[in-house]
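Novice: all I have is the shape, not the residue letters:
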């Protein structure tokens, strides 16, 4: 499976159930990478999307503890076993974990690639992603040239789990 996220210098990923910043080119990259793929997210992440609706042109899976949670256009699963059943027959390269923090934490051990938009700025955050740069299990395998959005600098970094 893959992870996709944007993080600040301290690996902050969100505050008050919102992204720290919206960079149009990053949103475009997210759409390009996940279109026609399977995305896994938590309930709060789904509810933070426009209209609280599943993403178009993707298979949406919501991982939630709420056994009664239902949403049109998405599958709701409640355990790792249910998630594995839902993903049965799906190529793991076609699956992207898109948040939030607790979903990333639960699924990180099952992921082999992480696409990170690393923002050269520190925001006030209340949700964080583990520091892959400090992890001996992960290595940088690709890095874009530095990008700029107004006065904000960022780059796209691909991490892979070491064999």
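Specialist: Looks like it came in fine. In this text, all values refer to a predicted model and were calculated from it rather than measured experimentally.
Novice: who touches residue 35 in this structure?
Specialist: Counting by C-beta atoms under 8 Å, 6 or more residues apart in numbering, residue 35 touches 57, 58. Every residue, glycine included, has its C-beta placed from N, CA and C.
Novice: could I get the pLDDT score of it?
Specialist: Note for residue 35: predicted pLDDT of 98.
Novice: I'd say residue 53 and residue 62 touch.
Specialist: No: contact criterion C-beta atoms under 8 Å: residue 53 and residue 62 do not qualify, at 11.5 Å.
Novice: so for the two, which residue has more residues nearby?
Specialist: residue 62 (24 against 14; other C-beta atoms under 10 Å).
Novice: correct me if wrong: that one contacts residue 76.
Specialist: Yes: counting by C-beta under 8 Å, residue 76 is a contact partner of residue 62 at 4.8 Å.
Novice: identify the contacts common to these two.
Specialist: With C-beta under 8 Å, 6+ apart, residue 62 and residue 76 have common neighbours residue 69.
Novice: sheet partners, orientation included, of the longest strand anywhere in the chain?
Specialist: Using DSSP state E, we find that the single longest strand of the chain is strand 152-161. Its sheet considered, strand 152-161 pairs with strand 113-119 (antiparallel), strand 138-143 (antiparallel), strand 147-149 (antiparallel) by DSSP bridges.
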